[in-house]
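J.: sharing a model that was predicted from the sequence below.
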Amino acid sequence: MSPIACRPLAAADADWVRDLVVRRWGAEYLITRGRRHDVAGLEGLVAERDGARVGLALFCMEDGACELVTLDSLVAGIGAGSALVAAVADRARAAGCRRLWLITTNDNLAAQRFYQRRGFRLAALYPDAVTEARRLKPAIPLVGRDGIPLRDEIELEMAL
Ligand SMILES: CC(C)(COP(=O)(O)OP(=O)(O)OC[C@H]1O[C@@H](n2cnc3c(N)ncnc32)[C@H](O)[C@@H]1OP(=O)(O)O)[C@@H](O)C(=O)NCCC(=O)NCCS
C-alpha cells in the first residue's frame, strides 16, 4: 500500500476543506469549550495517498498548547487518521507547544478508542457542554452516533 503523506493546507484546498467540514460537522465552524472556530481561521494538514486527499486535520495553537479541532479521514483504516495525529503533534512540538488536546463528544466511542490507542489520556468531562454549544450551532443533532443522546464534551490530551 502506498504511504500516507501529510502536507500543510494550500489555498487551493479551501473549497474542499469547507465542503468536507460542512458535510461532516454541519457548518463552516466548530464549537469547542464554548468557543467558535471558523474553518477559514484554522491551520491544517492534509493527508494524501498517491496524490489524492484522504484526510484532514484542523488545529490551532495558543499559550503553549495545540488544540486539534477536527480530524476527518476519508478512507477508514489505512492510517490517514494516525498519520495526521502524528504530524500535528510534530508541528505543535516544533512550534514549542507542550500539550496537544482535543474535544470529542460522549457519543463518539470510536474516537475515544482511537485517541487513547494513540497516546491520549482522558483529561476532563464537561457535562451538557454540547447542549450549550447547540445554542451557538443549532445544526448539532440531538442524537449522535449509535443513537446516543449528544450532550457532553470529553477532553483528551497528550504531553508533547
Ligand atoms: C477517527 C478517525 C479520524 C480515524 O481515522 P482512520 O484514518 O480510519 O485512522 P487509522 O486508519 O489511522 O486507524 C483506524 C483504526 O480503525 C481500525 N480500522 C480498520 N479498518 C477500519 C474501518 N473500515 N473503519 C474504521 N476503522 C477501521 C484500524 O485498525 C485502526 O484501529 P487500531 O487502533 O486498532 O489501529 C476516522 O474514523 C474518522 O474520520 N471518524 C469520523 C470523524 C471523527 O469522529 N473524528 C474525531 C472526532 S474528535
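T.: Done, it's in.

J.: mind giving me the packing neighbours of the longest helix along the chain?
T.: In the chain, with assignment by DSSP state H, the single longest helix is helix 80-94. If contacts are counted by 3 or more CB pairs under 8 Å, 6 or more residues apart in numbering; DSSP states H and E, helix 80-94 sits against strand 5-8, strand 43-49, strand 52-62, strand 65-73, strand 99-105. Every C-beta, even on glycine, is put in place using the N, C-alpha and C of the backbone.

J.: between those, which gets nearest to the ligand?
T.: Taking CB to the nearest ligand atom as the criterion, strand 65-73 is the member of these that comes nearest to the ligand, at 3.1 Å.

J.: and the angle for that closest one with strand 99-105?
T.: When axes from the mean of the first three to the mean of the last three CA atoms, to 10 degrees is applied, the directions of strand 65-73 and strand 99-105 differ by 50 degrees.

J.: which residues touch Leu109?
T.: Listed by CB atoms under 8 Å, 6 or more residues apart in numbering, the contact set of Leu109 reads Arg145, Asp146.

J.: give me the pLDDT value at it.
T.: According to the per-residue confidence, Leu109 scores 98 in pLDDT.

J.: any idea how far it is from Leu156?
T.: In this structure, Leu109 lies at 13 Å from Leu156, with CB to CB, to the nearest Å as the measure.

J.: kindly report the same for Leu100.
T.: As it turns out, when the distance is counted by CB to CB, Leu100 lies 9 Å from Leu156.

J.: pretty sure Ser2 sits against Glu48.
T.: No - when contacts are counted by CB atoms under 8 Å, Ser2 is not listed as touching Glu48 (9.4 Å).

J.: those two: which is more packed in?
T.: Applying other CB atoms under 10 Å to Ser2 and Glu48 shows that Glu48 carries more neighbours, namely 17 against 10.

J.: quick check: that one vs Ala76, distance?
T.: With distances defined as CB to CB, the gap from Glu48 to Ala76 amounts to 16 Å.
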